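K.L.:
Model the following, please.
(one chain, ligands or ions: 1)
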Amino acid sequence: MTGQLYCPRCGFTVQPTPVPAPCPRCRVPLTYRRDLPRDLEQGDLAGRGVWRYAPFLPPVEPVTLGEGGTPLIPSLRIGPNLGITLWFKLEGGNPSGSFKDRGAAVLVAVLRSFGIQTVADDSSGNAGSALAAYAARAGLPAKLFVPAYASEKKLAQIRAYGAELVLVPGPRERAADAVRAACADDPALAYASHNESPYFLEGLATLAYELFEGLDGEVPDHVVAPVGGGGLFLGLGYGFARLRALGWLARAPRVHAAQAEACAPIARAAAQGLDEPALAGSKDTVAEGIRIPRPPRGREVLGLLHALGGAAVTVPEEEILATRAELAEREGIYVEPTSAVAVAALRALVARGTIRPGEEVVVPLTGSGLKVGADAATG
Ligand SMILES: [Zn+2]
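P.N.:
Residues are numbered from 1 along each chain as shown. A predicted model of the protein is given here:
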């Protein structure tokens, strides 16, 4: 496969491999880039959804379930009440119900192009479902390592796609250790890590391209994204940077990071002026999708947050659920709690004057409420 993997920190480069090792100097995950066609124009983009942006993506045969191309709709009440123009990008309409399908489609396509036989990951949530769906679509077996305590309800979707579930006793980190060990032992098994793979990130960057096209070649003043592993945030940042490099975009929006107060390694580090995620004291949160106490790309997220002029905001548990209810009752949009974190953070950003009256803001609503049901508070 053409293109290059590079270290976002020191610039180390290496040829693409299916499961890239971290930078040998900095120990951080690598990122992918390719040369863009010299005279690429918007008119050259064809089709709809993630693979419309094939010129930006690793050059591989697509695996697709119709991911991406999600609706961008105006907020009718929450935005106007705050005195801003607010758009929602409805990612819950993706094939497995979340934005992770963008990353999984590209990652599975890349792994297939390398001749990988079985894909493995450690996620019992949206990423696990997305990977299982695209592996099924590609005709590849998938093996998901999940904490033994994960609820059957959460695992049902992964199981339905025919993926093999490996229950790992102990805390969440044990599942990550177990998948690494299994992949080290079995050369046919590829660690398709949604938090570390550069190819997954490339798929998520399509959200930036879609926002650019969805708003007729303009971008909003601000984007507010929920941040756990930081894939969505990085994908947006790198996607906008690429559009700028092409000369399609005069300025990138400010991209802000929203975290649950109970698990906020990025926001806490930003508040303390640290360039590494603050690791201590992460508690449980209803926003399961962003419960990542040790984000492997955390340092990269903090660097990009600074470069994009973004702020990091934390949201208390009760506001997450209240905002989730408000989105359903006042806007007609049923989301998973993680999506509500970004809308609650938006309100805080308006209150503190970071987002000013009359400005234009986009919030990606990352996943469908049907994923978790109405009893998120107790489940
Ligand atoms: Zn490096």
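K.L.:
wouldn't R324 be in contact with T338 here?
P.N.:
No - counting by CB atoms under 8 Å, R324 sits too far from T338 to count as a contact (9.4 Å). For the C-beta atoms, the positions are set from N, CA and C on the backbone; glycine is no exception.
K.L.:
Just the element for Y149, please.
P.N.:
Assigned by DSSP states H and E, Y149 belongs to no helix or strand.
K.L.:
In the stretch 51-200 of the chain, which residue sits nearest the ion?
P.N.:
Using CB to the ion, the single residue of the stretch 51-200 of the chain nearest to the ion is P198, 13.2 Å away.
K.L.:
Just want the phi and psi numbers for the closest residue in space to that residue that isn't next to it in sequence.
P.N.:
Computed as CB to CB, 6 or more residues apart in numbering, the closest residue to P198 that is not its neighbour in sequence is Y32, at 3.9 Å. Backbone torsions of Y32, given as degrees, to the nearest 10, read phi -100, psi 150.
K.L.:
From what I see, Y32 and M1 are in contact.
P.N.:
No - if you go by CB under 8 Å, Y32 and M1 don't touch, sitting 9.4 Å apart.
K.L.:
intersection of neighbour lists for the two?
P.N.:
By the contact definition CB atoms under 8 Å, 6 or more residues apart in numbering, Y32 and M1 are jointly contacted by P16, P58.
K.L.:
Doesn't A258 belong to a helix?
P.N.:
No - assignment of A258 by DSSP: H, G, I helix; E, B strand; the rest coil gives strand, placing it outside any helix.
K.L.:
coming back round to it: quick one: pLDDT of the residue nearest to P198?
P.N.:
Note for Y32: predicted pLDDT of 97.
K.L.:
partners of it in the sheet?
P.N.:
Beta bridges link Y32 to L5, judged by DSSP bridges.
K.L.:
how about it, what does it touch?
P.N.:
With contact set as CB under 8 Å, 6+ apart, Y32 has these partners: G3, Q4, L5, P16, P58, P198, Y199, L201, E202.
K.L.:
In helices, which of those fall?
P.N.:
Counting by DSSP state H, the contacts of Y32 place P198, Y199, L201, E202 in helices.
K.L.:
Would you mind measuring from the first one to P62?
P.N.:
Which is P198. 18 Å (CB to CB, to the nearest Å).
K.L.:
quick one: which of the two has more around it?
P.N.:
Each of P198 and P62 has its neighbours counted (other CB atoms under 10 Å); P198 has more, 22 against 15.
K.L.:
Just the pLDDT at the more buried one, thanks.
P.N.:
pLDDT recorded at P198 is 97.
K.L.:
Helix or strand with the lowest mean pLDDT in this structure?
P.N.:
Every helix and strand of the chain was ranked by mean pLDDT, DSSP states H and E. The lowest is helix 152-160, at a mean of 89.
K.L.:
Residues contacting that helix, please?
P.N.:
Contacts to helix 152-160, defined as CB under 8 Å, 6+ apart, come from residues 96-97, 124-125, 128-129, 132, 144, 146, 165, 371, 373, 379.
K.L.:
how many other residues sit next to R297?
P.N.:
A count of nearby residues for R297, using other CB under 10 Å, gives 23.
K.L.:
so what's the nearest residue to it once chain neighbours are set aside up against?
P.N.:
Among residues not flanking R297 along the chain, G230 sits closest, at 5.0 Å (CB to CB, 6+ apart). Contacts for G230 (CB under 8 Å, 6+ apart) come out as A257, I266, P295, R297, G298, E300, V301.
K.L.:
and which of those residues is nearest to the ion?
P.N.:
When the contacts of G230 are compared against the ion (criterion: CB to the ion), the nearest one is E300, at 10.7 Å.
K.L.:
Just give me the neighbour total for that closest one.
P.N.:
22.
K.L.:
so where's the protein shaky on pLDDT?
P.N.:
Applying pLDDT under 70 to the chain flags residues 280-282, 374-379.
K.L.:
what does it have sitting close to the ion?
P.N.:
With CB under 5 Å from the ion as the criterion, the chain meets the ion at residues C7, R9, C10, F12, C23, R25, C26.
K.L.:
Many thanks, I have nothing further to ask.
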